[in-house]
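Participant: quick check, what structure comes out for this input:
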Amino acid sequence: MEAPRVVVKRSARRKRTVDARREGDTVVVSIPASMSRAQEERWVSEMLARIERSEARRRPGRTAGDADLAARADRLAHEHLDAVGPDGRWPRPVSVRWVAPMRTRWASCTPSDGTIRVSERLREVPGWVLDHVLVHELAHLRESGHGPAFRALEARYPRHERAIGYLEGLSAGAGLEIGPEPDEEG
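Facilitator: Numbers count the residues shown, from 1 in each chain. Just a heads-up that it's a prediction; the model follows:
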């Protein structure tokens with residue numbers, strides 16, 4: 001990822017505190033006017049690192065590769081779907097990977113071969129939304145349809161209803177044809 005443009009603002013009113021905020025592609029770092037150039041460089045570096053860590057927590061897909069996505073899915077399966085299957089173990093996909101944006105889905109799972117594919121459109125969503133999508137697809141490794149048993153598995157993720165609302169709003173706002181999946185009898 002490209003390094004952001006940095007603007008340093010010195011303030012005579014600011015005595016000890018340093019602050020940073022992102023404004024589009026720019027990071028604005030506010031420092032006391034009395035700081036030396038060496039202190040400025042150290043603080044700019046520190047604040048850029050803090051912003052990067054914060055953004056990685058909020059938008060984990062931005063820099064995550066397929067291995068990161070698979071590790072996240074494994075953690076979520078263990079946390080939310082542990083001991084669900086007949087073998088007493090959580091669902092373990094063979095692979096979890098990012099794919100080019102899908103036209104009508106956020107992600108897909110093929111239970112017969114244990115693969116999960118996640119649309120790159122989800123790289124920009126908050127982590128809790130990505131987590132819901134992964135739990136949803138992991139649940140398909142146990143229940144292929146969207147019936148009551150599947151919905152019970154999906155509901156093990158505590159923010160699932162909120163994430164569904166987020167995705168529906170994102171779809172509508174972007175004019176995408178991605179809608180809620182219908183419930184199936186089951």
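Participant: against A70, how distant is S95?
Facilitator: In this view, S95 and A70 are 7 Å apart by C-beta to C-beta, to the nearest Å. (Glycine included, C-beta is placed from N, CA and C.)
Participant: any idea how this structure splits into domains?
Facilitator: By the assignment in automatic domain parsing, the chain contains the domains 5-58, 62-174.
Participant: could I get these as JSON lines with mean pLDDT and mean neighbour count?
Facilitator: JSON lines is the format used below for these (pLDDT from 0 to 100; neighbours: other C-beta atoms under 10 Å):
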{"stretch": "domain 5-58", "mean pLDDT": "88", "mean neighbour count": "13"}
{"stretch": "domain 62-174", "mean pLDDT": "89", "mean neighbour count": "17"}
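Participant: elements contacting the longest helix seen in the chain?
Facilitator: Longest helix of the chain, by residue count under DSSP state H: helix 37-58. Secondary structure elements in contact with helix 37-58, counted by 3 or more C-beta pairs under 8 Å, 6 or more residues apart in numbering; DSSP states H and E, are strand 5-11, strand 19-23, strand 26-32.
Participant: ok now the helix or strand following that helix, how far from the chain's centre?
Facilitator: Once the chain leaves helix 37-58, the next helix or strand it forms, by DSSP states H and E, is helix 66-81. Centroid separation for helix 66-81 versus its chain: 12 Å, with C-alpha atoms, centre = their mean, to the nearest Å.
Participant: quick check: next helix or strand after helix 66-81?
Facilitator: With secondary structure assigned by DSSP H and E, helix 66-81 is succeeded by strand 95-99.
Participant: chain center to that following strand, what's the gap?
Facilitator: 14 Å.
Participant: could you dump that strand to PDB, C-alpha only?
Facilitator: Provided in PDB are the C-alpha atoms of strand 95-99 (Å, rounded to 0.1, in the frame of the first residue of the first chain):
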ATOM      1  CA  SER A  95      -9.100 -23.000   1.300                       C
ATOM      2  CA  VAL A  96     -10.300 -19.500   2.000                       C
ATOM      3  CA  ARG A  97      -9.300 -16.900  -0.600                       C
ATOM      4  CA  TRP A  98     -10.100 -13.400  -2.000                       C
ATOM      5  CA  VAL A  99     -11.600 -13.400  -5.500                       C
END
